Every structure is written in C-alpha cells, then in structure tokens.
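1. next come a sequence and a model predicted from it.
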Amino acid sequence: MTELPHTRTRAVHWLATAAALAAVLGGTALLQPATATTAAKAPGRAPDPAQARYPLDCGPAGAGIDVLDKAAADFDGDSATETVAVVRCRAHGGTPPSAVFVLSGPAEDRRPRIAATLVEQREGMSVRDLAVRGTTISATLLGYSSADVPRCCPDKRRTVKWEWREGKFALRPGPVAGGGVSV
C-alpha cells in the first residue's frame, strides 16, 4: 500500500509539535491564577504561623492553638512576606471563636511577631474563606445575634476586606446576611 504524502511525518512536523508544546508549557509557568499568593512565588520566606505566640485565652488547661487557615503576601512593600493566620483554641467539641493575625519577621525570641490583629478572640466570631489578593485580605465572619443562639449555628454572616493603606489595615465591611444585627 502506498502512503499518502500528507500522512508521512517528517522532522519538521515533530519540531513544530515540540515548539508548540514548549510554548504552552512555558506560558503556563509564567502565568499564575489570580488567587495565587506571594507565598507561592517565594516559598519558605513567610513567617510560620505554627511558631507564633498568640494572645488567646484557652482556659486554665491551656488546650493549645490550632491554625485553621493561612495566606501570605508582602503587604507593606518591604520585600519581606507577611503571613495572615486564622487561629483558635484547640477544642474537642464545640466551636471556639477565631482570631485573625498578621505575622511578620521574627521577634527577639526568633518567633514570628504579631504585626496586626484583625479579629480578636473576644469578638466571638468564626472566620471562613480567608484569601489574599494583592494587599487586600478578605474573609467571611460568622457570628451570633444573641447569647441564646447555639454556638454551633451562627446566624449572622458578613464578608469583610482589610486593605493595606497608609501603613495600616483599613476594614471595609460588606452587608450583613441574616438580619439587621451586625457582626
């Protein structure tokens, strides 16, 4: 059987295929999704939230701290990556309130230091959906309209953003979902 001219592969075909494949792979290496953080660009340089000491009251037994979420970016433009950490006291039941801290380079004891507190434990919030985009931190805060609402089932929800402006984080709250009481 005779081969048709258009079905024969030649070196030029393989070179063209290899060049196209290299272009696609090279392009994907240069492009990152919009949700990529600075930590993904410079691994290992962001403070480790597991090594920080947090001002949380975890009771007399000192149950320990859980880091629930983290993200990183260089918020202040000093070429040092900061870490945003959502933390709470460790619990074997229930939902203890969360806190959100921004950590920067090590303090004198070589642990990351707290550069900013965005949500305090005493506010009684749970924090979900932490994200960093550029120099803006966003999260969803879950809260309770009264002490009668079971701690398992928050009835208030608010999306918030903290924008780095003029040397500090400025809070930009969204509307409250679930009624007229703010969280």
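-> That came through fine. Numbers count the residues shown, from 1 in each chain.

2. rest of the way, CA atoms for contacts and neighbours
-> OK.

3. roughly how far apart are the spatially most central residue of the chain and Leu103?
-> Ranked by distance to the mean C-alpha position of the chain (CA atoms, centre = their mean), the top residue is Ala71 at 3.0 Å. Ala71 is 10 Å from Leu103, where distance means CA to CA, to the nearest Å.

4. can you count the residues close to Thr140?
-> For Thr140, the count of nearby residues is 19 (other CA atoms under 10 Å).

5. that one against Val119, yeah?
-> No: using CA atoms under 8 Å, Thr140 makes no contact with Val119, being 11.3 Å away.

6. ok, Cys152 - contacts?
-> Gly94, Thr95 (CA atoms under 8 Å, 6 or more residues apart in numbering).

7. list phi and psi for it.
-> Main-chain torsions, Cys152, degrees, to the nearest 10: phi -80, psi -20.

8. still on that earlier bit, got a pLDDT number for the closest residue to the residue nearest to the centre of the chain other than its chain neighbours?
-> Sequence neighbours aside, Val84 is the residue nearest to Ala71 in space, at 5.2 Å (criterion: CA to CA, 6 or more residues apart in numbering). Val84 is assigned 98 on the pLDDT scale.

9. is Val84 in a bridge, and if so with what?
-> Listed by DSSP bridges, the beta-bridge partners for Val84 are Ala71, Val102.

10. ok, it - how many residues close by?
-> Val84: 28 neighbours (other CA under 10 Å).

11. output the below-cut-off pLDDT ranges for this structure.
-> Within the chain, the stretches with pLDDT under 70 are 1-44, 61-62, 176-183.

12. now the helices for it?
-> With DSSP state H as the criterion, the chain has helices at 11-30, 38-41.

13. contacts only, for the closest residue to Gln51 other than its chain neighbours.
-> Spatial nearest neighbour of Gln51, excluding adjacent residues (CA to CA, 6+ apart): Arg111 at 5.9 Å. Neighbouring residues of Arg111 by CA under 8 Å, 6+ apart: Gln51, Ala52, Arg53, Gly105.

14. turn these into CSV, including distance to Thr135 and neighbour count.
-> Shown next, in CSV, are the contacts of Arg111 (distance: CA to CA, whole Å; neighbours: other CA atoms under 10 Å):
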residue, distance to Thr135, neighbour count
Gln51, 23, 12
Ala52, 22, 19
Arg53, 24, 12
Gly105, 17, 19
